[in-house]
Structures are given as C-alpha cells and as structure tokens.
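Asks: build me a model from this:
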Amino acid sequence: MSATALDACLCLLLISAAAVTVVSTPASTANETDRADAVAETLTAATADVPYTLQPVRDGDADTNPEYERVAHGTLVSLLADAAVRTVRVDGEALTGTSEGFAAAVRATVADRLPARTRVVVRWRPYPDAHLGRAFTVGPEPPADADMNAATVRAPSGVDPPANASVAATEGGFTRLGRVVASSLVAGLLPPETGRLALADDAPLDALVRHRYRRVSARYGVETAGAIERGDTHAANSRIAAAMADRVVGDLRRDGGSPSDTASSLELDTVEVSVRTWSP
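Replies: Okay, the predicted model is just below:
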C-alpha cells in the first residue's frame, strides 16, 4: 500500500484551503505584511512538504523501521489542523501517541514561515466541555502591553459531524445525541474501511493500525482485540463508540443548555487557528 494510503489510515486528512474562512480584528499600527489577517491568509494559501516520522513505541523500544519515514504535503493551515486532530488528547493525555513527530515537524515548519512578533494558537474542540480535543501554539508569547492585531481561521478537521444530531437531540435527548456524536468521533479518528484494508496489508501499516486500536480501546476500557484480529473494524469502532458515548453524554450535559441547543454547538468538523501579531 502506498504512503498516501498509510497517511489516510492514520487520519492525515488533507484539508482544502478553499473551505477556510478568516475573521480579522485589524489594528492600524500593524505593518501590512505583518497584520494578523495577512498572516492568516498566508497560512491558508502557502503550502509545504513536511518530513516526519511515525514511531509508535512497543515494549519500551522505538521501532526504527524506515517505512515510518513520511512526507506530508498541504497548506500550512491544513497541516496545523491535521496535527491537532492526529494528536488529540483525552483528559490531557495523547490518545494514540503515533503522530507526535508529525505535529512537531508541522509546528517547526510553520514557525519558520511566521513573521516576527506572531503567535498562532490551534484548537480542536469538538463541542463545549469535551473530554477530548487538542490545543497547541506556534510562536512566542506576546508582551502584556503590546498593541495587538488578531485574526481567526476556521479550517475543516476531517471529522464529519453527525448528520442526524438535531433529530437525535429532539427525539432522544442527551443520551441519543451523545451516541451519535461518539460514533462520528470514532469514525473520524479510526476510519473503519481504510483501517480494514490496512490490517490485511504488510508491516508497518497493519502494526500501526493495531497499535492505534490498542491505545484507543485501553483508554475507553473496551476489548477489541478479537474484532481487530478478524479485520472487523466496524465492530471494533462500535464497541469503542459505545464506551465513549458515556463520557460524551456527561460532557454534553455540563454545557447547561437544552439538547437541541447543544446539538447546534457541535464543532466536530472545525479546527480554529487564531493568529495574533503585535507591535513593539
């Protein structure tokens, strides 16, 4: 299987810059090329090739198989969004641990392209009070007394929102809404069809997919080894989603709104990239 297929299995979902929106808060003192909106536009238009290494750890030893060496290509904002989703945290801890090298390489690449006095904050929060998500920064912390300029880019995450969220909320309240949200999250993080094909392939692709399922299953306290051994990723995903749903329902209830209001606040498909620039 090709490198492109491997990256697809590992949720490297390239994002179209055409789908990105930019919202800016201009400041008259900023240089035109260093304004936050100009930087945000550059992030959506400029592309890069990012070499990185996928290196899951087994039994305390790093696997040095050269097949883990990869190159990702995309716009800077799409790479940032990919890095956020691929390094998702659950209760603050990495969910799979296979993409930290990718995220570090993306941050370094973006940092090299940023003007001085620029900070980028990347955040994927599927819904308010979510127990899983990701946030990281690129660039220095601005001075407290700096004259700030701001812009926000909203880019696709590659995780589809549940198409029936409103109906689920209306007919089944938080319980049913939590189930459909969990199913969408698991399908986005562990694409079942590409995973099934990968399990029938040779190393390292099959090993990487098994590693990811072991990590996710352990995090949510379910057993999927039998299903994965059979190549039944749909069954494995269903078990993980059922366990995740308990956490999601609890998260959604904490928002304080009605199930219908909460359904309208879902942002599974959106990564927010905030740009801040400042003057001395």
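Asks: what is the longest helix along the chain packed up against?
Replies: Counting by DSSP state H, the longest helix found in the chain is helix 165-189. With contacts taken as 3 or more C-beta pairs under 8 Å, 6 or more residues apart in numbering; DSSP states H and E, helix 165-189 sits against helix 233-254, helix 259-264. In this view, the C-beta of every residue, glycine as well, is placed from N, C-alpha and C.
Asks: so which bits of the last one are buried?
Replies: Looking back up the chat, that one is helix 259-264. For helix 259-264, burial by neighbour count (16 or more other C-beta atoms under 10 Å) applies to 259, 262-263.
Asks: can you tell me which of these lies nearest to residue 125?
Replies: The closest of these to residue 125 turns out to be residue 262 (C-beta to C-beta; 13.5 Å).
Asks: follow-up on the earlier one: considering the buried residues of helix 259-264, which is situated nearest to residue 93?
Replies: residue 262 (25.3 Å).
Asks: distance of the closest one from residue 256?
Replies: Distance from residue 262 to residue 256, counting by C-beta to C-beta, to the nearest Å: 9 Å.
Asks: again, but for residue 78
Replies: 34 Å.
Asks: before we move on, what about residue 231?
Replies: Distance from residue 231 to residue 256, by C-beta to C-beta: 43 Å.
Asks: more neighbours, the two?
Replies: More neighbours surround residue 231 than the other of residue 231 and residue 256, with 17 against 9 (other C-beta atoms under 10 Å).
Asks: and that one, helix, strand or coil?
Replies: With DSSP: H, G, I helix; E, B strand; the rest coil as the basis, residue 231 sits in coil.
Asks: hang on, residue 98 is in a helix, isn't it?
Replies: No. Under the criterion used here (three-state DSSP), residue 98 is coil, not part of a helix.
Asks: pretty sure it is touching residue 211, no?
Replies: Yes. Contact criterion C-beta atoms under 8 Å: residue 98 and residue 211 qualify, at 6.5 Å.
Asks: all the strands of this structure, in order from the start?
Replies: Assigned by DSSP state E, the strands in the chain fall at 21-25, 47-53, 57-58, 61-62, 69-75, 89-90, 93-94, 118-124, 132-138, 147-156, 270-279.
Asks: mind putting those strands in CSV, distance to residue 239 and mean neighbour count included?
Replies: Formatted as CSV, the strands of the chain follow (distance: least, C-beta to C-beta, whole Å; neighbours: other C-beta atoms under 10 Å):
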stretch, distance to residue 239, mean neighbour count
strand 21-25, 36, 14
strand 47-53, 30, 15
strand 57-58, 23, 10
strand 61-62, 29, 9
strand 69-75, 29, 18
strand 89-90, 16, 17
strand 93-94, 21, 12
strand 118-124, 24, 21
strand 132-138, 17, 19
strand 147-156, 27, 21
strand 270-279, 27, 22
